[in-house]
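Asker: What follows is a protein structure lacking sequence information:
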């Protein structure tokens with residue numbers, strides 16, 4: 001494969017040096033420094049999709065996912081890729097992007113130790129994985145900015161180029177690092193925000209396999225396997241590993257429940273503690289989080305952290321999804337029974353406890369001005385909807401239990417109440433700057449919208465709540481195009497009914 005990528009940033013000289021030291025045939029990376037930022041060669045169109053002027057064939061010709069702009073789509077054994085992308089090269093711009101990330105992204109995605117990052121970020125001898133992580137951070141920062149929007153796609157493209165380059169050049173000799181996993185995690189979030197949903201799901205798979213390869217799922221195992229033990233390295237380093245592992249776990253779950261895709265890793269094989277509270281971590285306090293099973297089954301109501309609450313909630317969603325999938329498989333194998341009701345009651349108890357913790361042990365999410373806490377509160381109500389939808393789907397209930405043991409009206413009313421709570425919480429989002437809204441907020445909001453749309457012909461409560469939610473979505477800025485709203489994200493969402501939802505929202509607009 002002949003690949004020529006023309007880079008215009010001094011940091012990428014290291015990639016050139018690394019490539020020149022090998023005799024591989026994957027490609028050549030050439031770097032040339034620039035003194036200032038010049039206009040990007042990428043055109044953002046319709047309304048935010050990138051157009052790259054090159055001789056690369058259409059992605060569909062190679063069977064790649066069509067919703068992603070990744071430059072790796074165009075790579076084939078005979079293709080030559082030459083792209084000149086202009087990126088930030090001055091220290092002032094880089095520092096501004098760093099600060100934007102820490103101000104606008106970190107509180108929602110707490111995977112970095114800020115002082116540790118700042119201590120190496122200005123180094124002129126960074127390894128390639130750290131350079132890649134910086135580009136991923138800057139891509140998200142520019143997406144949540146107003147002054148650096150011309151850098152959004154160039155920074156994303158550069159990040160993906162480096163990640164793909166490292167994947168191509170690597171065999172068993174690649175130096176797997178925490179920064180590489182962090183870069184993949186941030187790419188997943190970026191792709192989800194840009195509505196490259198299928199590509200985000202593929203990327204989260206790569207992120208998760210990477211943290212598995214580094215055995216981050218057993219950091220706190222009593223059995224030391226190839227340096228996975230928490231005794232290896234300093235506390236901050238180990239805690240960053242925990243955080244990137246759990247963020248990959250969270251993304252795998254929250255993206256999978258969008259369209260009932262399979263969960264990658266069951267939590268039963270995880271022996272890594274949950275992250276410590278971020279304030280303690282940033283302050284350098286050596287505080288350990290609990291194991292997931294301990295946090296889920298602890299009968300005492302106590303504060304963990306908004307991030308840990310999100311992890312517990314998506315685990316409940318994942319178990320509900322797994323229960324549904326197991327039932328379908330058991331029916332295919334001749335109707336083998338599973339203890340559906342016992343599992344359902346157990347999950348319901350767990351969910352009720354988490355909702356009590358969120359309501360009683362944390363500040364009011366509508367007053368705390370904490371994007372992660374508000375997201376966790378909305379996700380908690382969305383988990384109720386998801387759980388109740390699994391119950392209401394009669395196909396997942398064993399034969400004979402539908403009439404005797406299962407009341408479908410109760411779960412429907414409970415889900416409707418949860419949708420009311422989501423609308424109440426989401427109304428707060430209208431008062432926040434768009435950069436203070438959690439990057440993945442559309443996922444629980446659209447899940448709620450789909451539930452309401454499913455019942456819109458049932459009666460007025462569904463219709464009125466759906467219109468209330470549409471009104472809120474119409475007032476929330478689309479980060480991809482500030483002239484658009486969350487409603488414009490619906491047609492590009494991979495939730496099954498969102499195209500119909502969008503049509504319904506348009507009809508509601510014209511009739512009001």
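Answerer: Noted; the coordinates are in hand. Keep in mind it's a predicted model, so treat the numbers as computed, not measured. Residues are numbered from 1 along each chain as shown.

Asker: Can you get me a residue count around residue 287?
Answerer: The tally of other residues near residue 287 (other CB atoms under 10 Å) stands at 14. Heads up, the C-betas are built off the backbone N, CA and C, glycines and all.

Asker: and it, helix, strand or coil?
Answerer: coil (DSSP: H, G, I helix; E, B strand; the rest coil).

Asker: Tell me where the chain has strands.
Answerer: Ranges of strands in the chain, per DSSP state E, are 4-7, 28-31, 43-45, 49-51, 477-478, 481-485.

Asker: residues touching residue 352, list them.
Answerer: Contact analysis of residue 352 by CB atoms under 8 Å, 6 or more residues apart in numbering lists nothing.

Asker: where does this structure dip in pLDDT?
Answerer: 1-86, 170-174, 224-233, 334-338, 394-408, 494-512 (pLDDT under 70).

Asker: Counting by contacts, list what the top helix by length along it packs against.
Answerer: The single longest helix within the chain, with elements called by DSSP state H, is helix 306-332. In terms of contacts (3 or more CB pairs under 8 Å, 6 or more residues apart in numbering; DSSP states H and E), helix 306-332 is packed against helix 235-256, helix 292-297, helix 340-360, helix 371-392.

Asker: So which of those helices is nearest residue 417?
Answerer: helix 371-392 (8.0 Å; CB to CB).

Asker: Compute the inter-axis angle for that closest one and helix 340-360.
Answerer: Put simply, helix 371-392 runs at 160 degrees to helix 340-360, going by axes from the mean of the first three to the mean of the last three CA atoms, to 10 degrees.

Asker: Packing partners of helix 371-392?
Answerer: helix 306-332, helix 340-360, helix 409-426, helix 442-454.

Asker: centre of the chain versus it, how much separation?
Answerer: 16 Å (CA atoms, centre = their mean, to the nearest Å).

Asker: tilt between it and helix 235-256?
Answerer: 40 degrees.

Asker: Helix 371-392: which residues count as buried?
Answerer: For helix 371-392, burial by neighbour count (16 or more other CB atoms under 10 Å) applies to 371-392.

Asker: returning to what we had before: buried ones in the longest helix of the chain, by neighbour count?
Answerer: Buried, per 16+ other CB under 10 Å, within helix 306-332: 306-321, 323-324, 327.

Asker: cool, and stretch 292-306?
Answerer: So, applying 16+ other CB under 10 Å, buried residues of stretch 292-306: 292, 295, 296, 304, 305, 306.

Asker: Check stretch 478-486 too.
Answerer: Within stretch 478-486, the residues that count as buried by 16+ other CB under 10 Å are 478, 479, 480, 485, 486.

Asker: same thing with stretch 150-167?
Answerer: For stretch 150-167, by 16+ other CB under 10 Å, it's 151-166.

Asker: for stretch 414-423, same thing?
Answerer: 414, 415, 416, 418, 419, 420, 421, 422, 423.

Asker: what about residue 242, distance to residue 279?
Answerer: Note on residue 242: its distance to residue 279, by CB to CB, to the nearest Å, is 16 Å.

Asker: Equivalent analysis for residue 178, please.
Answerer: Computed as CB to CB, the residue 178 to residue 279 distance reads 21 Å.

Asker: between these two, which one's more packed in?
Answerer: residue 178 (24 against 11).

Asker: Identify the residues contacting that one.
Answerer: Residues counted as contacts of residue 178 (CB under 8 Å, 6+ apart) are 214, 237, 240, 241, 244.

Asker: OK, contacts around the second one?
Answerer: What that stands for is residue 237. So residue 237 contacts residue 178 (CB under 8 Å, 6+ apart).

Asker: same thing with the first one?
Answerer: With CB under 8 Å, 6+ apart as the criterion, the residues that contact residue 214 are 176, 178, 181, 228, 241.

Asker: Top of those residues by number of neighbours, please.
Answerer: residue 181 (27 neighbours).

Asker: thought that residue was touching residue 208?
Answerer: No: the pair residue 181 / residue 208 is not scored as a contact, 9.2 Å apart, by CB atoms under 8 Å.

Asker: what is in contact with the two at once?
Answerer: residue 248.

Asker: Quote the end-to-end distance of stretch 145-159.
Answerer: For stretch 145-159, the separation between the terminal residues is 18 Å (CA to CA, to the nearest Å).

Asker: rewinding a little: output the buried residues of stretch 414-423 as JSON lines; include the columns distance to residue 192.
Answerer: Shown next, in JSON lines, are the buried residues of stretch 414-423 (distance: CB to CB, whole Å):
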{"residue": "414", "distance to residue 192": "28"}
{"residue": "415", "distance to residue 192": "24"}
{"residue": "416", "distance to residue 192": "27"}
{"residue": "418", "distance to residue 192": "23"}
{"residue": "419", "distance to residue 192": "22"}
{"residue": "420", "distance to residue 192": "26"}
{"residue": "421", "distance to residue 192": "24"}
{"residue": "422", "distance to residue 192": "19"}
{"residue": "423", "distance to residue 192": "23"}
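
Asker: burial of the closest residue to residue 292 other than its chain neighbours, as a residue count?
Answerer: Among residues not flanking residue 292 along the chain, residue 267 sits closest, at 5.6 Å (CB to CB, 6 or more residues apart in numbering). Neighbourhood size, residue 267 [other CB under 10 Å]: 19.

Asker: can you pull the contacts of residue 267?
Answerer: Residue 267 makes contacts with 249, 292, 293, 315, 318, as judged by CB under 8 Å, 6+ apart.

Asker: Mind putting the residues you listed into a markdown table with distance to residue 445?
Answerer: Below are those laid out as a markdown table (distance: CB to CB, whole Å):
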| residue | distance to residue 445 |
| --- | --- |
| 249 | 22 |
| 292 | 26 |
| 293 | 30 |
| 315 | 21 |
| 318 | 20 |
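
Asker: Residue 222: which of the residues you listed is nearest?
Answerer: When the contacts of residue 267 are compared against residue 222 (criterion: CB to CB), the nearest one is residue 293, at 15.1 Å.

Asker: what's near enough to touch the closest one?
Answerer: Residue 293 neighbours (CB under 8 Å, 6+ apart): residue 267.

Asker: and what of the one 5 residues further on?
Answerer: Shown in contact with residue 298 (CB under 8 Å, 6+ apart): residue 290.

Asker: Neighbours of the closest residue to residue 192 other than its chain neighbours, how many?
Answerer: Spatial nearest neighbour of residue 192, excluding adjacent residues (CB to CB, 6+ apart): residue 200 at 4.4 Å. Residues near residue 200, counting by other CB under 10 Å, number 25.

Asker: Same check on residue 343?
Answerer: 15.

Asker: Please verify my assumption that it contacts residue 323.
Answerer: Yes: in this structure residue 343 lies within contact range of residue 323 using CB under 8 Å: 5.6 Å.
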